[in-house]
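Chemist: following is a predicted model, sequence given first.
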Amino acid sequence: MKVRIFEIFTSVEGEGILYGTKTLFVRLSGCPFTCFYCDTKESLPLDSGKEYEIQEACNLIDSNLRRQTYKVNFTGGDPLIQHEAVAELAKFVQSKKIPTYLESSCFDVDRFNHVLPFIDIVKIELKTKDSEFVDSQHYEKLIESSINCLKSSVNAKKTTYIKIVVSSRTELKEFSNLVENIFSSISKNQIDGFVIQPTYGIAEPSLDLLLNLYDIVYPYYIDVKVVPQLHKFIGAP
C-alpha cells in the first residue's frame with residue numbers, strides 16, 4: 001500500500017474546538033470536489049504531493065513529530081480519498097499515544113467507518129448548498145452521507161464536533177433546514193461542539209448574517225460558537 005502526502009508540518013491549530021493546540025498536520029493529496037472557498041487548492045489533484053510506502057510515511061510522521069504535540073491532524077484534500085492508507089497512518093500515531101484527528105467532508109460512510117476505529121477526534125464538516133462542493137443534483141446524497149458519518153462517530157463515542165463553513169451566499173432557510181436535519185438525527189448531548197466558520201478573503205459574511213446563523217443553531221445547541229480561521233491572523237500555515 002502507498003499513500004500520497006502533499007505536506008506535513010507542525011503549526012497551531014486554527015479551527016474548531018481545539019484551536020490553539022500544537023498540532024502535526026498530515027495533508028493528504030486528492031479531493032475531487034469544488035468548494036469555491038477552498039484555501040488548499042494546490043493539494044486537490046490526485047497526483048499532487050509525493051507518493052510514499054506506508055512505512056516510509058510512518059517514518060516521515062515520526063521524524064516530524066515535535067515534543068509536546070497535542071494531536072496529529074489528518075487533513076487534505078480529503079483524507080477519505082485515501083482511507084485505507086489513512087487508517088494505517090492513524091493506527092501508527094495511536095501506537096505512540098498521541099490523539100488522532102480527522103478533518104473530512106464525510107462524503108462516504110463506508111470509507112469513514114473504515115478509518116473511524118483509529119481516530120480519536122472527529123470534525124464532521126457539513127457543506128451548505130452555496131459551497132459548490134457538489135452540484136445541486138447530488139447535494140442531498142452528500143448530506144445523507146455526512147449525517148450517517150456523524151451518527152457513526154457519536155455512536156462510537158468519539159470526540160465529535162460539527163463545523164459548517166458559511167459565506168455571504170449562505171441562505172438562512174437553507175441553513176435552518178440543515179441544522180434541523182442534524183438535530184433530528186443526533187442529540188445535542190452526543191456532540192462536543194458546533195462551530196460556524198466564516199469564509200476568509202472571499203464572500204465573507206456580514207456580522208448580521210453570522211448572528212442570524214448563530215440564532216438558528218442556539219435553540220438546538222447553546223454552546224454554538226462562531227470561530228474564524230485563527231491561524232491566518234498569526235500568519236501560521
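Modeler: That came through, no problem. As the structure is a computational prediction, the values presented were derived from the model and not from experiment. Numbering: from 1, shown residues only.
Chemist: wait, residue 2 touches residue 51, no?
Modeler: Yes: with contact taken as CB atoms under 8 Å, residue 2 and residue 51 are classed as touching, separated by 5.3 Å. In this view, the C-beta of every residue, glycine as well, is placed from N, C-alpha and C.
Chemist: which residues does residue 72 bridge with?
Modeler: Here residue 72 sits in beta bridges with residue 24, residue 100, going by DSSP bridges.
Chemist: gap between it and residue 187?
Modeler: The gap separating residue 72 from residue 187 is 29 Å, by CB to CB, to the nearest Å.
Chemist: ramachandran coordinates for the residue nearest to residue 17 when sequence neighbours are not counted?
Modeler: Of all residues beyond its chain neighbours, the one nearest residue 17 is residue 193 (3.8 Å), with distances taken as CB to CB, 6 or more residues apart in numbering. With angles defined as degrees, to the nearest 10, residue 193 sits at phi 170, psi 160.
Chemist: wait, residue 193 sits on residue 19?
Modeler: No: in this structure residue 193 lies outside contact range of residue 19 using CB under 8 Å: 10.6 Å.
Chemist: returning to that earlier point: tell me the contacts of the residue nearest to residue 17?
Modeler: Residues in contact with residue 193 (CB atoms under 8 Å, 6 or more residues apart in numbering) are 16-17, 161-162, 223, 225.
Chemist: what distance do you get for it to residue 203?
Modeler: Applying CB to CB, the value for residue 193 to residue 203 is 24 Å.
Chemist: how would you label the residue nearest the centre of the chain: helix, strand or coil?
Modeler: Centroid check for the chain by CA atoms, centre = their mean gives residue 103 as the closest residue, at 2.7 Å. Put simply, residue 103 is strand when judged by DSSP: H, G, I helix; E, B strand; the rest coil.
Chemist: name the nearest residue to it, ignoring sequence neighbours.
Modeler: Ranked by CB to CB, 6+ apart and with sequence neighbours excluded, the top spatial neighbour of residue 103 is residue 75, at 4.3 Å.
Chemist: quick one, what contacts that neighbour?
Modeler: Going by CB under 8 Å, 6+ apart, the list of residues near residue 75 reads 25-28, 103.
Chemist: and which of those is nearest residue 167?
Modeler: For these, the residue nearest residue 167 by CB to CB is residue 103; the value is 18.8 Å.
Chemist: hmm, that closest one is touching residue 119, no?
Modeler: No: the pair residue 103 and residue 119 does not pass the contact test of CB under 8 Å, sitting 10.3 Å apart.
Chemist: between the two, which contacts overlap?
Modeler: What both residue 103 and residue 119 touch, as defined by CB under 8 Å, 6+ apart, is the set residue 74.
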